[in-house]
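Visitor: next come a sequence and a model predicted from it.
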Amino acid sequence: MFIYGKVPVEEALLQEPQHIEKIFIRKGIPTDTHHNIKELAQQNQIVISYVPEQKLVHLVGRVKNQGFVALRSSIRYYNFFQWLEGVELGSDVSIVILGGLEDPHNVGAVLRSAAASGISAVIVPSSGQAPINATVVKTSAGTAGAIPIIRSHSAEQALKDAALAGFEIFALHQNASEPLFDLSFTKPAAFFIGKEGSGIDPSLLKMCNRHIKIPMQNNVESLNASVSTALMCYEWQRKTGQ
């Protein structure tokens with residue numbers, strides 16, 4: 001669903017920022033005309049894209065958009081530290097942090113596996129990441145929103161917040177030395193999933209406490225990101241008795 005026009009977009013940011021996925025602003029609009037919108041978007045970690053008028057027409061048709069369009073999601077997003085207030089942290093609490101999945105089918109499959117295995121929440125960066133759109137919801141088979149989805153400004157910020165809260169952060173990649181099935185969980189766990197193909201950026205890898213891999217046979221190099229996530233989630237479930 002799209003909201004267009006300066007006042008409607010600003011009102012949406014004031015009244016329901018948790019539902020706003022992204023803001024599109026026409027290139028060339030003076031900064032002083034949308035200072036409030038920009039400030040509200042930054043406060044709520046919502047990405048702004050400056051685009052040509054043709055893009056706005058493509059999104060909402062030939063209407064009086066005034067150069068402002070907002071993408072509204074039906075999914076409720078949570079703030080990480082507000083979510084933490086209602087959680088008693090222990091080894092039975094776990095989160096999945098997405099680190100730049102670009103395929104919405106993968107995102108939907110991850111959400112489904114996380115919900116099915118009892119993961120406590122999923123953190124989705126608002127930049128560099130496929131948004132929670134209709135394809136994601138369909139692929140998740142209706143489970144998108146079954147567990148809290150937390151919006152973070154970036155994967156780096158999500159990792160910093162998780163570390164500050166006391167989560168042990170596990171990075172899944174095939175160059176790791178610690179097998180997934182040898183793990184034990186004594187703290188709240190955060191499972192970090194990198195990009196399809198390129199995996200986890202080295203700078204983000206340094207922010208993770210544990211580096212784990214899935215044992216492979218028959219010269220298979222790796223598994224699909226959503227399949228790897230499912231294995232990790234269910235291994236956590238098995239070990240913690242959830």
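Guide: Yep, that arrived. Since this is a predicted model, take the numbers as computed values, not measurements.

Visitor: CA only for contacts and neighbour counts going forward, please
Guide: Fine.

Visitor: would you mind measuring from the residue lying farthest from the centre of the chain to residue 38?
Guide: In the chain, counting by Cα atoms, centre = their mean, residue 218 sits farthest out from the average C-alpha position, at 32.8 Å. From residue 218 across to residue 38, the span is 52 Å (Cα to Cα, to the nearest Å).

Visitor: the nearest residue to residue 162 once chain neighbours are set aside sits in which helix or strand?
Guide: Nearest residue to residue 162 in three dimensions, chain neighbours excluded: residue 190, at 7.2 Å (Cα to Cα, 6 or more residues apart in numbering). Take DSSP states H and E as the rule and residue 190 turns out to sit in strand 189-193.

Visitor: neighbouring strands of that strand in the sheet, and parallel or not?
Guide: When pairing is defined by DSSP bridges, strand 189-193 lines up against strand 94-98 (parallel), strand 168-172 (parallel).

Visitor: for residue 204, which of the ones you listed is the nearest?
Guide: strand 168-172 (9.2 Å; Cα to Cα).

Visitor: specify the helix with the largest residue count in this protein.
Guide: helix 225-240 (DSSP state H).

Visitor: next, the buried residues of that one.
Guide: 225-226, 228-237 (16 or more other Cα atoms under 10 Å).

Visitor: from those, which is closest to residue 19?
Guide: residue 226 (25.1 Å).

Visitor: so what's that closest one up against?
Guide: 106-107, 109-110 (Cα atoms under 8 Å, 6 or more residues apart in numbering).

Visitor: please redo it, this time with the cut-off set to 6 Å
Guide: 106, 109-110 (Cα atoms under 6 Å, 6 or more residues apart in numbering).

Visitor: likewise residue 176?
Guide: Residue 176 neighbours (Cα under 6 Å, 6+ apart): 211-213.

Visitor: what is the burial count for residue 207?
Guide: 15 (other Cα atoms under 10 Å).

Visitor: that one: which element?
Guide: Going by DSSP H and E, residue 207 is not in any helix or strand.

Visitor: phi, psi for it please.
Guide: phi -90, psi 0 (degrees, to the nearest 10).

Visitor: then residue 157?
Guide: Here is the backbone geometry of residue 157 (degrees, to the nearest 10): phi -70, psi -40.

Visitor: tell me, how many residues neighbour it?
Guide: Neighbour tally, residue 157, other Cα under 10 Å: 12.

Visitor: separation between it and residue 199?
Guide: In terms of Cα to Cα, residue 157 sits 18 Å off from residue 199.

Visitor: ditto for residue 225
Guide: On the measure of Cα to Cα, residue 225 and residue 199 end up 9 Å apart.

Visitor: now residue 106
Guide: Counting by Cα to Cα, the gap from residue 106 to residue 199 is 14 Å.

Visitor: the more surrounded of these two?
Guide: A count of neighbours by other Cα under 10 Å puts residue 106 above the other of residue 106 and residue 199, at 22 against 17.

Visitor: confirm that that one sits in a strand.
Guide: No: counting by DSSP: H, G, I helix; E, B strand; the rest coil, one finds residue 106 to be helix, located in no strand.
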